[in-house]
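# After the sequence you'll find the predicted model.
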Amino acid sequence: MQNPPDSSMSTVPSSLPPQAGGVLVSAPYNTLAVVSLVAGIASYVFVPVVGAVVAVITGHMARSQIRTTREQGGGLALAGLILGYAHLVIVVLVVGLILLVLLGVFGFFAIHPSH
């Protein structure tokens with residue numbers, strides 16, 4: 001008598017070539033990276049300083065997560081970081097310019113009280 005074939009053994013080779021028409025699944029985008037980009041854009045339109053701070057914080061968090069989880073979205077997080085930091089630099093420059101002008105005006109009138 002012949003032994004019946006073992007059903008636990010597979011006759012299919014372990015490495016099959018990819019089939020035409022197959023769906024290629026990519027890693028999902030990191031949510032914090034998307035939040036960082038949206039907050040970076042919103043910081044110029046809707047919520048100036050708060051949006052920039054959110055963009056910077058979530059951008060750093062997203063880049064850290066992307067390094068460990070291999071999700072997509074590294075470019076989105078980087079864009080959010082750049083937009084957030086650029087906005088914060090612009091805010092600091094504008095506030096500094098306003099302070100210089102105000103101090104100059106007050107200084108002028110302190111020196112020349114008759115004007």
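Cool, the structure landed. Treat the numbers as computed from the prediction; the structure is a model and nothing was measured. Numbers count the residues shown, from 1 in each chain.

# so where's this structure uncertain?
1-22, 115 (pLDDT under 70).

# So residue 58 sits against residue 80, correct?
Yes - with contact defined as Cβ atoms under 8 Å, residue 58 reaches residue 80; the gap is 6.8 Å. Any C-beta I mention is one placed from the backbone N, CA and C, and that applies to glycine too.

# more neighbours, these two?
Shown here are residue 58 and residue 80; by other Cβ atoms under 10 Å, residue 80 has more neighbours (33 against 25).

# ok, and the closest non-adjacent residue to that one?
Distance criterion Cβ to Cβ, 6 or more residues apart in numbering; nearest residue to residue 80, sequence neighbours excluded, is residue 36 at 2.8 Å.

# Against residue 103, how distant is that neighbour?
36 Å (Cβ to Cβ, to the nearest Å).

# the more surrounded of the two?
With neighbours defined as other Cβ under 10 Å, residue 36 and residue 103 compare such that residue 36 has more, 31 against 10.

# So the more buried one is in contact with residue 53, correct?
No - Residue 36 is beyond contact range of residue 53, at 11.1 Å (criterion: Cβ under 8 Å).

# which residues are in contact with both of these two?
Here residue 36 and residue 53 have residue 84 as joint contacts, going by Cβ atoms under 8 Å, 6 or more residues apart in numbering.

# Might one say that residue 63 is in contact with residue 78?
Yes - with contacts counted by Cβ under 8 Å, residue 63 reaches residue 78, the gap being 7.3 Å.
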